[in-house]
Structure formats: C-alpha cells, structure tokens
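**Q** Sequence plus the predicted model coming up.
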Amino acid sequence: MARLSVNINKIATLRNSRGGNNPDLVQVAKDCERFGAQGITVHPRPDERHIRYNDVFDLKKIVTTEFNIEGNCEEQKFVELVLANKPEQVTLVPDILGQITSNHGWDTISNQAYLQDIIKVFKDAGIRVSIFVDPVIEMVEAAATTGTDRIELYTEAYATQYTQNKKQAVAPYVAAAEVAHKLGLGINAGHDLDLHNLKYFAENIPALDEVSIGHALISDALYYGLENTIQMYLRQLA
Ligand SMILES: CC(=O)[C@@H](O)[C@H](O)COP(=O)(O)O
Ligand SMILES: NCC(=O)COP(=O)(O)O
C-alpha cells in the first residue's frame with residue numbers, strides 16, 4: 001500500500017491570509033499524523049506565499065512520520081534549508097519563479113550533470129532524494145543515472161484526462177513506473193490527485209511507494225473534516 005503524505009501548503013495559505021497563526025500549522029501537522037497521515041509534505045517557495053522557511057524548522061521538531069520537503073534546489077536558500085533540517089526526503093522540483101504552481105518535471109537529460117551533483121549533496125547528508133518527472137520514458141531512464149533514490153511522477157495530466165478516459169490517462173504512468181521499477185527507482189506521485197482519481201491510479205501503478213496530496217485533500221476537509229478526509233484518502237489506497 002502506497003503511503004499518504006499530506007501536503008499542508010494550503011493550511012499555510014489560509015493562515016497567512018490574516019497574518020496571525022490561525023490555523024496553527026504545527027498543530028495541523030500533528031493532527032494529520034494523529035488522523036493517519038503517513039507523512040507531511042511542505043513546499044516552501046521563494047516568495048513564501050504559503051509555507052515559510054521558518055515553518056520548516058518548527059515542523060521538523062514535531063513530525064514523527066516522514067517529513068518531505070519539496071522545492072527548487074536551484075535556489076541556494078532552499079538547499080541550505082533542507083540541509084539544516086535533514087528531512088526523511090527532499091523532492092526536487094524545477095519550478096520557475098512566479099509559477100502559480102508546479103507544472104513540469106525535470107529534463108533529466110539536459111540537467112544530468114547538475115542533478116548528479118546536487119543529488120549527491122543531499123544523499124551525503126543522509127537525505128532520501130526524489131525528483132519530479134513527467135511520465136516520459138526517456139526522462140525516467142535518465143533519472144536513473146542521476147543517483148536519485150526515487151522519482152515523483154507529476155500527475156496533473158492524469159488528473160485532467162481522468163474523467164474523459166481513465167485508461168488512456170493512466171497508461172503513460174504505468175509505462176513510466178514499469179521502467180522506473182526495473183531500473184531500481186522508488187516511485188512517488190503527486191499533483192491534483194483527489195478522491196475521484198486516486199484509487200484507480202494506485203491500483204494501476206506498480207510498486208507505488210508514496211502519494212503526496214494537498215490541494216484537493218485540504219479542500220475536501222472543508223466539507224468532511226480533516227480526520228474523516230484523511231481516512232477517506234487512506235481507504236482509496238488500501
Ligand atoms: C510539486 C507539486 O506538484 C506540489 O507538491 C506543489 O507543492 C504544489 O504547490 P502549491 O501548493 O504551491 O500549488
Ligand atoms: N507533490 C505533490 C504534492 O505534494 C501536492 O500536490 P497537490 O495535491 O497540492 O496538487
């Protein structure tokens with residue numbers, strides 16, 4: 001069964017909207033774990049639109065499952081933040097400044113030497129590395145020679161196509177996961193996964209280690225409550 005890592009970016013969005021500490025991000029992380037979350041994911045962006053760099057230090061003190069920090073390693077401040085906190089996992093995402101959200105994986109061919117160097121920095125610090133990739137066979141194959149422990153399959157395209165044709169939507173991800181598994185890579189996935197599309201994805205992807213889910217899960221919690229929502233997502237993975 002793939003692990004569920006809850007991305008709490010949008011809790012920080014709500015907190016920041018009024019300038020105080022409500023909702024309390026640290027308490028929400030503790031509660032997510034108490035409700036069954038098997039990991040906590042945050043994505044501190046340079047503009048700190050939601051997760052602030054200081055949040056990472058506060059969360060590191062209390063996360064007892066797996067702490068996954070996502071971000072763009074081309075930002076030195078991000079590299080220093082991760083090395084200072086040594087999470088269980090870092091997920092490297094090639095975001096360009098000003099993006100509304102993450103919307104592409106690494107070109108692991110043209111960035112091969114750069115990724116090899118930066119991945120070694122994190123692995124030498126004892127941190128598991130995952131890199132964000134599109135479900136493109138060549139990109140997965142080149143990921144294997146970067147030294148990364150895992151890939152994270154960027155699932156927006158799956159989510160977008162799911163309602164029209166779920167078999168067609170999942171096909172490239174199955175193919176990518178089969179190649180990744182054969183090459184000894186761990187397999188994570190995330191972006192726009194939700195209560196409608198998660199079960200089918202998890203049933204079809206071989207050797208799926210972890211999904212990280214935030215936007216839809218936190219939105220669902222507005223209707224179903226956080227504890228019930230986390231349990232609902234876990235049931236999709238059972
Ligand atoms: C990498 C990815 O797809 C998501 O984890 C990302 O963290 C979402 O970021 P926002 O919450 O800023 O949209
Ligand atoms: N890596 C994906 C993630 O952490 C959350 O993405 P989303 O569910 O907010 O789209």
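**A** That came through fine. Ligands and ions are numbered 1, 2, ... in the order given.
**Q** what residue is smack in the middle of the protein?
**A** S212 (4.4 Å; Cα atoms, centre = their mean).
**Q** tell me which parts of this protein are close to ligand 2?
**A** 7, 41, 70, 152, 190-193, 212-216 (Cβ under 6 Å from any ligand atom). Backbone N, C-alpha and C define where each C-beta goes, glycine included.
**Q** got the CA positions of the top helix by length along the chain in CSV?
**A** Ranked by residue count under DSSP state H, the longest helix found in the chain is helix 166-182. Coordinates of each C-alpha in helix 166-182 appear next as CSV, following Å, rounded to 0.1, in the frame of the first residue of the first chain:
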residue,chain,number,x,y,z
LYS,A,166,-9.1,7.0,-17.3
LYS,A,167,-7.5,4.1,-19.2
GLN,A,168,-5.8,6.5,-21.6
ALA,A,169,-4.9,8.8,-18.7
VAL,A,170,-3.1,6.2,-16.7
ALA,A,171,-1.3,4.5,-19.5
PRO,A,172,1.9,6.7,-19.7
TYR,A,173,2.2,6.5,-15.9
VAL,A,174,2.0,2.7,-15.9
ALA,A,175,4.7,2.6,-18.6
ALA,A,176,6.9,5.1,-16.7
ALA,A,177,6.5,3.2,-13.4
GLU,A,178,7.4,-0.1,-15.0
VAL,A,179,10.6,1.3,-16.4
ALA,A,180,11.4,3.1,-13.1
HIS,A,181,10.9,-0.1,-11.1
LYS,A,182,13.0,-2.1,-13.5
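**Q** Write out the residues of this structure neighbouring ligand 1.
**A** Counting by Cβ under 6 Å from any ligand atom, the chain sits next to ligand 1 at 7, 9, 43, 70, 93, 101-102, 132, 190-191, 212, 214-215.
**Q** Which two of the residues you listed have the greatest separation?
**A** F132 and H215 (15.7 Å; Cβ to Cβ).
**Q** which one of these two has more residues nearby?
**A** Per other Cβ atoms under 10 Å, whichever of F132 and H215 has more neighbours is F132, with 23 against 16.
**Q** In contact with that one, which residues?
**A** E70, T91, L92, V93, P94, S102, G105, W106, I151, E152, Y154 (Cβ atoms under 8 Å, 6 or more residues apart in numbering).
**Q** May I ask which of those residues has the most neighbours?
**A** Within those, most neighbours by other Cβ under 10 Å means I151, with 32 neighbours.
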